Structures are given as C-alpha cells and as structure tokens.
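Student: Could you work out the structure for the sequence below:
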Amino acid sequence: MSNFKRITIQEFDQERFYKLYKFLFEDNYFRKLSDSAKIAYCMFRDRFELSKINNWIDENGNVYLIFTTKELCGILNCGTQKVTKIKKELENFNLLEQERIGLNKPNKIYILEPQKSSKHNANLEFRKSKFQIRKNQKSGILKVKKQEFRKSKSNDTYINNTDYINTNNNDMNDMNDTSIKIHSYHTNTQFNNDALKFQLLEELPSQIKSYLNNFEIKDIRIIKSVLLKGKKSFNNAHDTYYRLEEFEFEIVSVLKRFKAMLLQKNESVEAMQGYLMQSIKSELEETYALNMRRQNISNHNIFNEKFK
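Tutor: Below is the predicted model of the structure:
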C-alpha cells in the first residue's frame, strides 16, 4: 500500500476525471451498448477540449476529432480489432460519424448525442420517479430515514442543521447529479506515460512524433519547445511561413545526431538544448538555401529561355 495515500481537499479540487453520461445507462436503447463502447464514448467527449485548442471545428460550428487507429489504440489501451469494433458499435447506435479527409489521412470523427425532446425528458422523469418509489418499497431503511428527516424538520430540531444533510455524500445529491464522475486511479505507469506522450506529440508530424516517442516525457517537452521556437525564429528571420512538415526528414536527422551527441557526452537533454536549437536553425537555413538555389536554377534555365 506504499504507492497509495489519502486524498487531501486541495488534491480533490484538482483531480482529473471522465464523465459518464447518464443517458448511456438510463435509456433503454443505449443500455444495450457494451461497457467498452460507453467508456470510449465518454473518453471521446473528454477530448473536445483538445479540439477547441486545435480549432477542429467545421464551418457549421460542429466539433470533430482527428485520430489515427494507432492513436486510438493508445487512448483506449486496446488493439486495432477492438478499436474498429468499438467505433462500429458507436456508429450503429448513431453516436459516432466518420468523414473522409483524403488518401492516407485519418478520418474526421464526429461524436453525436441524442436530441432531448420534451417528451423524452418527461419519460425520463417518469422512469426516475418510478425508480425512487420502487426503491422505497423494497428498502425499509431508506423509507424510515426519509420519515425521520421530515419529522425532524417539522420539529425544527438541531439535526436540521447537521453536516450530514449539507455534505456531498448525501444520496439525494448523487441522484440529482447531471453526470457521474468517475475518478481515474490507474496505477500502470506505462499507460499514464503513453497518454501524456500522446497529448504532447499529437500536433507534430508523424515521423518526428514517432522518433520523439522514444524519449522520456520531460525530454519531449524540452525538445518540442526547442523545435517550435527554432521554427518561429527561422520564419521571422526570413519573413516566411514554413511548417515542420516541410522539414520533417531533416529534423528527424537532426534529432538522431542530437541523440548520438547525448550518448557521447553523457549529458541530459536539458543541458544540451542550446546545442539542439543551434543544430535545428543551421539545418533549416541549409535546406532553405538549397531550395532557393534550385528555384533560381529553374527560373534561369537556358532551355526555359530558349523556348519562351
């Protein structure tokens, strides 16, 4: 039990959790969904914050997600076949739509939710009231407690102001929650690391992402920061706008040489980040100069002049 501790009030306010949407469990139609599909749906909804950051919003204001199958395997911690099965199940229940972007590119994933009509809400409240009545009939303890509470309230006794009634542990408070908050208690360090790495690397080009995945999380943060700063400095110096995708192969080569240098000097990434910045800038300058020479040769080719 040395890896576990009690939760302080400060930590409780900062905890991360997934929401479990009640319609998945209360609606007769969606109850048929597998537990894996329900969890996947909630995890997809949790990624909307990332969509907002990346501006993954279409012209109609609808939020979408972009994930490769491999990335989804990492998020859901399962294999390719399981991911495909989960997506298919959510599609069959009209909770997920996919839209093709292009060849060899991941699809846009739209997460859907059922429209809440007034009739649906009325039926939901009816089912809720039936559930409460049935529970009272089956549980004498619950019925007695409710009677005692009403009696004490009418008598204006001290129990009316007890901490019990005002705490979040009250059963009635749980029943009125709009969603069930399930806290994540994963103790698998590798799983947690994979999730953090995915979040750090997802906006980077695939080859860079694949290579950086071999580094520790703290080193990835430093390298990513250096990459973005180096690109910004280069673009500002040349009054242009190049993306990392356009230098992807060259940057991976720089990172491989950088890794070799770390091993040779037995230094940390943090200690060598200045060297990395200089290497990236030099590589971008060389590639840019080479591209400009090629462009000039093409523009002043004697064969082009001859046939003008």
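
Student: contacts and neighbour counts: CA atoms only from here.
Tutor: OK.

Student: Next one: Asp27 from Leu90, what distance?
Tutor: 15 Å (Cα to Cα, to the nearest Å).

Student: So between the two, which is more surrounded?
Tutor: Leu90 (21 against 14; other Cα atoms under 10 Å).

Student: What helix or strand is the more buried one located in?
Tutor: helix 80-92 (DSSP states H and E).

Student: what does stretch 196-212 contact?
Tutor: By Cα atoms under 8 Å, 6 or more residues apart in numbering, the list of residues contacting stretch 196-212 from outside reads 71, 74, 213, 217, 220-221, 244-245, 248-249, 251-252.

Student: tell me the mean pLDDT for that stretch?
Tutor: Per-residue pLDDT over stretch 196-212 has a mean of 87.

Student: How far does that stretch stretch from one end to the other?
Tutor: Length of stretch 196-212, first residue to last, Cα to Cα: 13 Å.

Student: ditto for stretch 263-274
Tutor: Its first and final residues considered, stretch 263-274 spans 16 Å by Cα to Cα.

Student: Ok, stretch 256-272 next?
Tutor: 14 Å.

Student: mind listing what's buried in that stretch?
Tutor: 258-259, 269 (16 or more other Cα atoms under 10 Å).

Student: in stretch 274-290, what's buried?
Tutor: Buried, per 16+ other Cα under 10 Å, within stretch 274-290: 276-277, 279-281, 283-284, 288.

Student: And stretch 221-241, by the same measure?
Tutor: The neighbour-count check on stretch 221-241 (16+ other Cα under 10 Å) flags 221, 223-224, 226-227, 230-231, 234 as buried.

Student: follow-up on the earlier one: would JSON lines of the contacts of stretch 196-212 with distance to His238 and secondary structure be doable?
Tutor: Formatted as JSON lines, these follow (distance: Cα to Cα, whole Å; DSSP: H, G, I helix; E, B strand; the rest coil):
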{"residue": "Glu71", "distance to His238": "35", "secondary structure": "helix"}
{"residue": "Gly74", "distance to His238": "39", "secondary structure": "helix"}
{"residue": "Asn213", "distance to His238": "31", "secondary structure": "coil"}
{"residue": "Ile217", "distance to His238": "32", "secondary structure": "helix"}
{"residue": "Ile220", "distance to His238": "27", "secondary structure": "helix"}
{"residue": "Arg221", "distance to His238": "26", "secondary structure": "helix"}
{"residue": "Leu244", "distance to His238": "15", "secondary structure": "helix"}
{"residue": "Glu245", "distance to His238": "18", "secondary structure": "helix"}
{"residue": "Glu248", "distance to His238": "19", "secondary structure": "helix"}
{"residue": "Phe249", "distance to His238": "21", "secondary structure": "helix"}
{"residue": "Ile251", "distance to His238": "18", "secondary structure": "helix"}
{"residue": "Val252", "distance to His238": "22", "secondary structure": "helix"}
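
Student: Show me the buried residues of stretch 274-290 that map onto strands.
Tutor: Secondary structure defined by DSSP state E assigns none of the buried residues of stretch 274-290 to strands.

Student: Mean confidence (pLDDT) on the helix holding Leu90, please.
Tutor: For helix 80-92, the per-residue pLDDT averages 92.

Student: Output it as CSV, restricted to C-alpha atoms.
Tutor: Extracted C-alpha coordinates of helix 80-92, given in CSV (Å, rounded to 0.1, in the frame of the first residue of the first chain):
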residue,chain,number,x,y,z
THR,A,80,-6.7,-2.5,-33.6
GLN,A,81,-9.5,-5.0,-33.9
LYS,A,82,-11.1,-3.8,-30.6
VAL,A,83,-10.9,-0.2,-31.7
THR,A,84,-12.6,-1.0,-35.0
LYS,A,85,-15.3,-3.0,-33.2
ILE,A,86,-15.9,-0.1,-30.7
LYS,A,87,-16.2,2.5,-33.5
LYS,A,88,-18.5,0.3,-35.5
GLU,A,89,-20.7,-0.2,-32.4
LEU,A,90,-20.9,3.5,-31.7
GLU,A,91,-21.8,4.1,-35.4
ASN,A,92,-24.6,1.5,-35.2
